[in-house]
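Trainee: with the sequence up front, the predicted model follows.
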Amino acid sequence: MGCDIHLYAERNWFPGEWELGVDAETLDQNYTLFAALAGVRADSDRPAGFAPRGLPENLSEYVRAAVDEDNGHTPSWLTIEEAQTLVGISDRFDALLAYIAAVTKWDERWRLVFWFDS
C-alpha cells in the first residue's frame, strides 16, 4: 500500500491569522521528499530530514476543516525557508515553491502544513 501526502501552503498577512494560499494535494508519491519533510518512509537510501512537529495551533479555517475530515499521520509544517532547503528532490515540489516565491508580497509569510496517509 502506498503513502500519500496532504499538503497545503498557508499565508499570513496579519500576525496570527493564517489563510489558505495553495491546496497542493497534487504532489506525487515521492518517498525521498516524504522522508526529507518528516521522516516518513525514511530508510538507508532516503535519510530523514526534518523531525515532525505536529500541526500549528493557528491553522487556517480551510486547513483545519481538511484535518478534521482526514485520518492522517505524521502531521507537521515547515517555513518556506526550511522547505527551500529541499529543492531538487521533486519537480512538483520545486514548482510549488517557485509559485509561492512569485506571488509573495513583501509583508506576508508562508508555511507548508502537511500530513500523510497510508
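Mentor: Nice, thanks for sending it over. Everything numeric here is computed off the predicted structure, so don't read it as measured data.
Trainee: C-alpha from now on. contacts and neighbour counts both.
Mentor: Noted.
Trainee: out of everything not next to it in sequence, what's closest to L96?
Mentor: A24 (7.6 Å; Cα to Cα, 6 or more residues apart in numbering).
Trainee: and for G2?
Mentor: According to Cα to Cα, 6+ apart, the nearest residue to G2 is S118 (5.8 Å).
Trainee: look up the pLDDT of that neighbour for me, please.
Mentor: At S118, the predicted lDDT confidence score is 80.
Trainee: isn't it up against C3?
Mentor: Yes. The pair S118 / C3 is scored as a contact, 4.3 Å apart, by Cα atoms under 8 Å.
Trainee: and the strands in this protein?
Mentor: For the chain, the strands defined by DSSP state E occupy 4-14, 17-23, 73-79, 109-117.
Trainee: identify whichever of the ones you listed lies nearest to V103.
Mentor: strand 17-23 (9.8 Å; Cα to Cα).
Trainee: distance from the chain centre to the lengthiest helix in the chain, please.
Mentor: Longest helix of the chain, by residue count under DSSP state H: helix 91-103. Its chain's average C-alpha position is 12 Å from that of helix 91-103, according to Cα atoms, centre = their mean, to the nearest Å.
Trainee: quick check: I100 vs A83, distance?
Mentor: 11 Å (Cα to Cα, to the nearest Å).
Trainee: and the residue lying closest to G72 once chain neighbours are set aside, what does it touch?
Mentor: What sits nearest to G72 in space, not counting adjacent residues and going by Cα to Cα, 6+ apart, is D117, at 4.7 Å. Contact partners of D117, counting by Cα atoms under 8 Å, 6 or more residues apart in numbering, are C3, D4, I5, H6, N71, G72, H73.
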